Structures are given as C-alpha cells and as structure tokens.
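Asks: Just to be clear, the model below is a prediction. Sequence and coordinates:
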Amino acid sequence: MIPSITQSRRFTSIYNSYLVAFFIFLAAPLIVVAVFSFNDSMFPSFPWGGFTTDWFFSNQGEKTGIFFDSELLGSIGLSAGIAVVTTVLAISVACCNAFLFERFDFPGKAFLYILTLLPLVIPGVLLGVSILVFSSEIANYFEDTWLVELEFLRPGLTLVVIGQFAFITTICTLIIAARLKKFDRTLEEAALNLGASPLMAVFTITIPYLKPAIIGAAIVSFLMSFENFNTTFMLVGSDAPLTVAMFERLREGSTPVLNAISVLLMLGSGLLALINIGMQKKS
Amino acid sequence: MSKHCKIDLACENISKHFSGFTAVDNVSFTIPKGSFFSILGPSGCGKTTLLRMLAGFESPSSGDILIKQQSMLDVPPNKRPVNMVFQHLALFPTMNVEQNIGYGLRRQGVAKAEITERVAAVLARVGLADSGKKRVEQLSGGQRQRIALARCLVLNPTLLLLDEPLGALDLKLREQMKIELKSLQKEFGTTFVYITHDQSEALVMSDQIAVMNKGKFEQVGTPHQLYYQPETAFVAGFVGDSNRWHGTIISVDDSSLMLKTDDGLSFRAKVAVEQKLEKGAKVEVFVRPEAINVSRTAHSEDDNQLTCTVQTLLFDGANSQIIALEPNSGGKITVAMPQTSDFVDLKTGDQLFLNWSAAQTLGFLVESENLVSAVGA
Amino acid sequence: MGNLGANARLKLGLWLLLMPLGLWLLLLIILPHFELLIFSITDPEDGAFTFEFYFEFFTEPLYWRTFLRTAVMSILATILTLIIAFPVAFYIAKMLKGRSKGIVFAMCLIPFWVSELVRTFGWMILLRESGVISNFLQWSGLAAGPVELLYTDATIMLGLVYSSMLFMVVPLVSTLDSLDDSYIEAGYDLGGTNWNVIREIVIPHAIPGIVSGCIIVFMLSLGNYLTPVLLGGKDSLWFTEQIYTQFITRFNWEQGSAFGLLLLVLSSLIVWLGLKASGQSFTKTMG
C-alpha cells in the first residue's frame, strides 16, 4: 500500500487499472468537448463530418465561429467585468477579515467565524434567491414610500456581483487567513524595532508576505465568479453573462460553437490553474 | 565600573506582572557605554520579557527604563534608540540582503544614494561585501547572523539587544560566532545587551553578566566573579560544573566548620568572620571538580582528604571525569581526570586520594532567600 | 501615546476591521435569509401570519417527494464519491513522492477549474442518443440501435459524483498526507493485513478529511442545479429546480421562500448530524 510494503502483483495491477479508469473518467468529458469543436457538422455529435476550424474562425455561411459570435463574445466581456469587480471587492474584504480573525481577540469571535464560514454550506441557488428577495423588498420600500426607483436592486449585473461576492469572500478569507497564520510576527516586531510605524510595518512586511496568497485568492475568485451559474442564474436581468448564455443555448441545442468556446474556457482556466499551482509551490 | 563611565541604560525597579505570575520582579541595573552586558538564566526566568521591555514590545508594570537619562516608558518601539537581533533573526524573507539592511534607513527617510553607501559600508565591515543582492535563503547560518547584526548596526543604535541569536547554530559555528560577535562589538563600540541560557556564551563574551532566576537578578558581576565568587547557591550551581550536596553543619569552631553531606561525606570549610552558622543548620555545598587534587599514591596535606575508589570513568577527551566512591560512607564525588601519564591506565576499582582546600568548598544556607554564608574565597 | 495610545489604536483597528465583515454578513447573509423566513410565513394578501406555504409542501406529494428524493440521492452521491475518491487520494498522498505527486494531483485538480457547464456539456455529448458511447456500442455490435443514456437517475448520479469529485479528493489528500508512513509500516510490522491497516490506522486518521469532504460534496449535490436539469431532463425532480420554478416561472415567492428554508433546514440538519456522529467541529472541518 505504501511503496515500502510490497503487495501481490494482482493487487497492484487491479489498483493501477482502477487509477487509469479514474483518470479516463475525469478527462473523458473534457476531451470529447474539445474534439467535437473541430467537427465539420452542425451538431456536436456523430457523425464525424471531417476536421474544421470553422467553429472558431468562420464568418460566413451557416456557421458562425466563436470569434464572430457577437452575442457570446459580449457575454464573455460581461462575465469578465463581473469577475474583476467581484474579485476586487472580495479580496479587500477578505484581507480585513483575515487580519481580524488572526490578530484580534474580541467577544463573539468564534460565532462570527462560524457565520463567516456559513456561505460555504448554503446552496448557491438559495443564496441567490435570498438576496433577490431581500433586495427586491428594499427596492419596493423605496419605490412605495419615497417614490425612488433603485434600479440596481432589481435583477441585473449589480445584484449578480453582490450575490457572487457574498460567498466568494468566504473562500478568499480562508486562503489569505491560512497564509497570515503562518506569518512570523517577530518580523513585524523587527520592522517596528527598525523604526517603522505599526501601519508601515504591515504594508512593508506583512502585505508583501501575503502577496502569493492574495494573488492565489484573486485567481480562484476570478474563476469562481466567471464560471458561477447557480447564484448568477437567480439574479440576472436582461444581460446574460457567459454561463447563462451558454446554458440557454445548451437547452435549445446548439452548434459546435459551444464546443469552441468551451475549448477557450478550458485553455483559460487551465492556464490560471497552472499559475496558481505554481504560486503555491513557490510560497 | 569607574565613575566617569557614561551610563547608556539604567533600569530602575522594573517589574512585569502577567495575569497569575510575575515575569520580572523589581530588577535594577545600569550598563555603561560600550560594554558587553549579558543576562544569563534558565528558560522561563524572565530574561526575554526583560529584553522585550527594553525594546518596547512590553511595557513594565512598574519601574522606569532610562536610555541616556531619558525615560523610555512613553516611547513606542519604533522611536527608541534601540535595535534588536531576534532569536530567529527575523530577516525579512520578501527582501534581499541589501533591502533588509536598508529597511531602517528607508524608514528614517535617508536619501537613496546615502542608503546605498551606508549599506555597502556596513556589509564590508561584517565581511559580506558581495552579498548585497543575495536572497536571505541563499546565506549560511553564520552569514545570516552577520546580516541581522548589520541591519541593526547600520542605524548606529545606542543599545543593541540580542535575544539568544546563536541558539539555532550548530556547535562549531557557535564557537566561532562567539569570537566574531565579541570582536564586532569592540569594533563598533556599541553597547550590547545579550541574553542567553548558555553560560559559556556569556562567560566568553561579556564584560558584565547578570544571572537571572525567577524574575530576579541573583548576582551581577564579571565572568571571573561569577565563577569564583558566586554569591548564591543558584549562581554556584548554574555557572560552571559543580559537585553539589545537601548537608548539615556538624561543628563550628574559630577557624573552620565541619559539614556532613546527606550521603555521608564529611568536609571542612573555612569560616569567614561575619558568618552566623550554627551547628545543625542545613546547607547546600558546592565543590568544583577541577578544584580537587587527584593522586594515585598518597595524600598531600590539605583541609579535606578522601580516599576513594573509581566507580565510573566518563571519557570525554580533555574534559574526562571520574566518579569516585568513598567506600566507608558510600558518598560519591565527581573529579576532573588529570591528563598526566599517571592516569592513562586508570580503571574502575582503582584507589584514588583526593584533597582540596576548605576555601574551595562553598556552603550556602538552605531555605534562605539571600546569601547567608559563603565560606572561603 | 504609550500604553493608552496603543490600546486606543488597537480598538480603533478592531472596529475598522469589524465593519466590512459585519456589513457583509448582515446585509448579504443574515438579513436576506431572515427576509426569506418572513416571506415564507406571511400571507401576501393581507400580511397576516400564515403557515399555508409549509402546509402546501406537506400536502402536495410532488413537493415532499422531490424533497426526499433530492436528500436521498445527495447522500448516496456523497457515499459513492467517498468510495471512488479514497483509493485515488490514498495513491496520491502515500504512493507518490515529489514531482510525480504534484503532477498527478494537478491532473486531478485541473478538470475542476473548468466550468461545471462545460463538464456537463461533455457528459451530454458522451451519453446522448447520438453521442459517443451510443455510437461506440453500435459500432462494436453490443447494441443494435441508438442507446439513450441521458435522462435517467443513474445519469444524474454520475453527474453529481463527477462534479463534486475534487471536493472529496482534496481534503482526503491533505489529511492522508499528514499520516506518517511509519504508522502504516508499524501496522504491518505488528502483523496487520491491508484491510486491518486501512481500517484501524488509515481511516481513523483520515476522519477529519472524510467529514469535511462529505459535508462539501453533500452540500454541492443538494444545491446542484445544472446536473439534474441538463442530465436528468424534464423529469429530473430536483428540489432546487422547484425553488427556481416557484421564484422565476410561477413568481410565487412565498412558496419559493418556504422551499428555500426547508432546503436550508435539511442541509443544516444533515451536516449537524454528520458532525455529531463523527465528533468533529464545524469550524475545524471547514476552516
């Protein structure tokens, strides 16, 4: 079971075939998605109509490649925008939270920490609807009482950002707090000792130390926001971010342009994943 | 301490209480400019708390800290003319050597060109002129030590605090760094306050040592004084090796007194004039192994004489020791093995004749806060 | 300055840091769920207290059956995921060293960085009537005509297990990593068999990882929306679908709120039971 304990050949071969099967299971859906993005057919399925890159680059006839599908391209831009705003917000609050939980003692800390973890176990759909209900109530109140229409509290991009921020902050807090926990506080004392003010010590010593975790959390946050469906789906208005746009097309049945955009997503997220893993190794 | 010495640091009756216990208990001392002052004590004796109060990371519950006659109580750590070499050095991992050393200067707002110049100068003085661009992880333990020192010394502090900085090094390197630290201190002329639990570090480097125990200073003196004239049983036991017995005074006369240890050995010790030792008083007795004369043939005249047999030989090169047994009483005594040809073939069971003077037998009354009796010396 | 000043500054810092946390938790987590509760017990006509939406849930078989079905299938998916993931996590944590360990672990992680939508899409291409597996079966002669593998409970289960695999593997690998090889060696040295050693040494050590993996996988399955809808089709009967239908299609927010709270109560209850049974704490397991 561990390398120093020899096992029977039969056991080893069964174990190894199991692992191979597992990795095929993991990779199979991704591989077929990628392969069918090059299928010269109107549907992402058999029969195989030959190799083509039309689903990426074609701009004429009945095939519209992803680089010319203005609707999908627009939704990518939208999702990226949402992801950037969400990430900036989530990282800022997460840094505050990390310092709060690692550096301060106050009554009710344990309780607040449980509340902080709570978004991890609230289903995304539920988080979405609760924020939808709450914001609509506030908007209704302002409309009825003050005759002010608060558009941003109605389903739309602002609500999507708010909804995603609500749970992504927890994840970022955990990542940053874990690194802050490993920080040796004598480094800050050394900075004070060398003449830095307490705030200066945090900015010149602690924050640079946290940088790998902050970048890692930002990558995770960006991807989680970009790929989020459940919460987003409950809060969207007329503008559809990428996942919602893809979902609609998937339900209708779509051309392999969906495969093409999936390939781009795989490349993008794979790249970010590798960067993130590399960052964790270095730190 | 001569009177015209300038005093760099004065602590006046400082105490530090934490909830439930007292870490530092009413300690006062002064350190003259340019000296190497060590605080020696076992872990948990309060020396780290004392040092952290000097640096400003803890504030004393009572008392005052004066640096160059100025009270430091209301001065935050970043405004004190004090720098510290931390136990694990606390070199900033996110910066290279140059940036580490320049950190304090940047905080003072020194011009860039001057920073470069001063950093290069201090690097050269600690013998690491080419290491400015290196990352901290690329340096050896001894080099890191020197960088941590340089990072403080570049700021010309009035006082440099060192918190057991040699603890993490291996034995050989530690021996070497002791000598290096001492010579750097002489060269820079900065006042060093060095805390350690390692008596050898303190003895080798210091001008003055304070031995600390349970939040109090037991004795302050030169290394020589601490070793040869310990004023308390704790100091006698903590500094250097000693045979240590509990015993009772069995007789007192004009010039000497007789002690009997609990395991049955009898010693004679000289009485100093002002001592008030009575028959039957309980004492702790110390005799250093190297103070005992060992002979294989016969006794020479001395205050204390024992005829023993070799029970165990502890071979450790030049530091080899013999544990000898006094057959009549069953008492044991450790003596240093002489490195002469006489003892080359010494083996278990051989007879030995031990003798030493009453002056080298130190007795301290048990259950007494203060020194009551130091016999001899 | 001095003592008092430092303390005052510390207090100020505490309050400044508490503010964003407090606002976030209060405005985005606590109040919205509280609002959901109010909604679910208020009659929309006259604003009076009512229990009719919960009553509706218990009297309409479609609702409570869907609810039970979702719970049971989520528990089943959790157990399956654990069984499938354990040998893999053990292999990564204990059999591999250094570079190869990093690579294999990354191979496990990277598929999950890709959107769930893309992964589900992949399964659709594999499993549908005109899909890869159906064609393979026909080509190999194992099936006479096209085989529809989508829209069954087994497909939903497959999708659930697949989509939450990572969240089981990661905590398992990290706890198994912390198990020193010498314990396993000692187990064998003292005469243990594979099974003994796994049961008495490895599993007890891995409990914290197993619990946190199970909690996350269970929550993800319970709250899953894409997998049942896309792989299970029209009749997938998943409770999140019911919530969506009430809110968005029927615009019956009161009923939807009641459903949402029931889901929340169910998930909290099962997580709590899991923690109690294994003697773990929520903070330790999740943090």
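Replies: Structure's in. What do you need?
Asks: Packing partners of the strand or helix carrying C:Leu12?
Replies: Using DSSP states H and E, C:Leu12 sits within helix C:2-24. Here helix C:2-24 touches helix A:70-103, helix A:157-182, going by 3 or more CB pairs under 8 Å, 6 or more residues apart in numbering or on different chains; DSSP states H and E. Where C-beta positions appear, they are placed from N, C-alpha and C, glycine not excepted.
Asks: Distance check, A:Phe22 against C:Val104.
Replies: 11 Å (CB to CB, to the nearest Å).
Asks: need the strands for the stretch 151-283 of chain A, in chain order.
Replies: For the stretch 151-283 of chain A, strands defined by DSSP state E, counting those that start in this stretch do not occur.
Asks: What ranges does it have for its helices?
Replies: All helices of the stretch 151-283 of chain A, identified by DSSP state H, counting those that start in this stretch, fall at A:157-182, A:186-193, A:198-201, A:207-227, A:230-235, A:242-252, A:257-282.
Asks: follow-up on the earlier one: kindly provide the whole-number mean pLDDT of the helix holding C:Leu12.
Replies: What helix C:2-24 shows for mean pLDDT is 81.
Asks: May I see the buried residues of the helix or strand just after it?
Replies: The helix or strand immediately downstream of helix C:2-24 is helix C:31-40, counting by DSSP H and E. Residues of helix C:31-40 classed as buried: C:31-33, C:35-37, C:39-40 (neighbour count, 16 or more other CB atoms under 10 Å in any protein chain shown).
Asks: would you list those residues in CSV and tack on distance to C:Leu176 and pLDDT?
Replies: Below are those laid out as CSV (distance: CB to CB, whole Å; pLDDT from 0 to 100):
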residue, distance to C:Leu176, pLDDT
C:Leu31, 41, 93
C:Pro32, 38, 93
C:His33, 36, 93
C:Glu35, 43, 91
C:Leu36, 39, 91
C:Leu37, 41, 92
C:Phe39, 45, 88
C:Ser40, 43, 89
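Asks: Next, format the helices of the stretch 151-283 of chain A as TSV and append distance to chain C.
Replies: Shown next, in TSV, are those (distance: least, CB to the nearest CB, whole Å):
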stretch	distance to chain C
helix A:157-182	4
helix A:186-193	11
helix A:198-201	7
helix A:207-227	4
helix A:230-235	5
helix A:242-252	5
helix A:257-282	4
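Asks: what about the stretch 201-350 of chain B, any weak spots by pLDDT?
Replies: Where the stretch 201-350 of chain B drops to pLDDT under 70, the residues are B:254-255, B:270-276.
Asks: Of the helices and strands packed on helix C:2-24, flag the one that's most buried.
Replies: helix A:157-182 (a mean of 22; mean count of other CB atoms under 10 Å in any protein chain shown).
Asks: and that one with chain B, contact?
Replies: No. Helix A:157-182 is not in contact with chain B by CB under 8 Å from any CB of the partner chain; minimum separation 11.1 Å.
Asks: Counting by contacts, list what that helix packs against.
Replies: helix A:70-103, helix A:109-117, helix A:124-141, helix A:207-227, helix A:230-235, helix C:2-24.
Asks: could you redo the last one with a cut-off of 10 Å?
Replies: helix A:70-103, helix A:109-117, helix A:124-141, helix A:207-227, helix A:230-235, helix C:2-24, helix C:31-40 (3 or more CB pairs under 10 Å, 6 or more residues apart in numbering or on different chains; DSSP states H and E).
Asks: C:Phe49 is nearest to which of those helices?
Replies: For C:Phe49, the closest of the helices and strands packed on helix A:157-182 is helix C:31-40, at 9.9 Å, according to CB to CB.
Asks: and the angle from that closest one to helix A:124-141?
Replies: Counting by axes from the mean of the first three to the mean of the last three CA atoms, to 10 degrees, helix C:31-40 lies at 80 degrees to helix A:124-141.
Asks: what's the distance between helix C:31-40 and the middle of its chain?
Replies: Going by CA atoms, centre = their mean, to the nearest Å, the spacing between the C-alpha centre of helix C:31-40 and its chain's C-alpha centre is 23 Å.
Asks: Could you check the angle it makes with helix A:157-182?
Replies: 130 degrees.
Asks: After the helix or strand harbouring C:Ser100, which helix or strand is next?
Replies: If you go by DSSP H and E, C:Ser100 is part of helix C:98-109. Remark: after helix C:98-109, the chain's next helix or strand is helix C:116-127, criterion DSSP H and E.
Asks: For the nearest residue to C:Ser174 once chain neighbours are set aside, give me its contacts.
Replies: Of all residues not flanking C:Ser174 in the chain, C:Gly209 sits nearest, at 6.4 Å (CB to CB, 6 or more residues apart in numbering or on different chains). Counting by CB atoms under 10 Å, 6 or more residues apart in numbering or on different chains, C:Gly209 touches C:86, C:89, C:93, C:168-179, C:285.
Asks: what do you get for A:Leu274?
Replies: C:106, C:109-110, C:113.
Asks: between the residues you listed, which is nearest A:Ala178?
Replies: C:Leu109 (17.1 Å).
Asks: So that closest one sits against A:Leu272, correct?
Replies: No. Contact criterion CB atoms under 10 Å: C:Leu109 and A:Leu272 do not qualify, at 11.6 Å.
Asks: anything in contact with each of those two?
Replies: What both C:Leu109 and A:Leu272 touch, as defined by CB under 10 Å, 6+ apart, is an empty set.
Asks: about what we covered before: of the buried residues of helix C:31-40, which ones also sit close to chain A?
Replies: Among the buried residues of helix C:31-40, proximity to chain A is found for C:31-33, C:35-37, C:39-40 (CB under 10 Å from any CB of the partner chain).
Asks: Put together JSON lines for those, with distance to B:Lys79 on each row.
Replies: Listed next are these as JSON lines, based on distance: CB to CB, whole Å:
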{"residue": "C:Leu31", "distance to B:Lys79": "45"}
{"residue": "C:Pro32", "distance to B:Lys79": "48"}
{"residue": "C:His33", "distance to B:Lys79": "49"}
{"residue": "C:Glu35", "distance to B:Lys79": "51"}
{"residue": "C:Leu36", "distance to B:Lys79": "54"}
{"residue": "C:Leu37", "distance to B:Lys79": "54"}
{"residue": "C:Phe39", "distance to B:Lys79": "57"}
{"residue": "C:Ser40", "distance to B:Lys79": "59"}
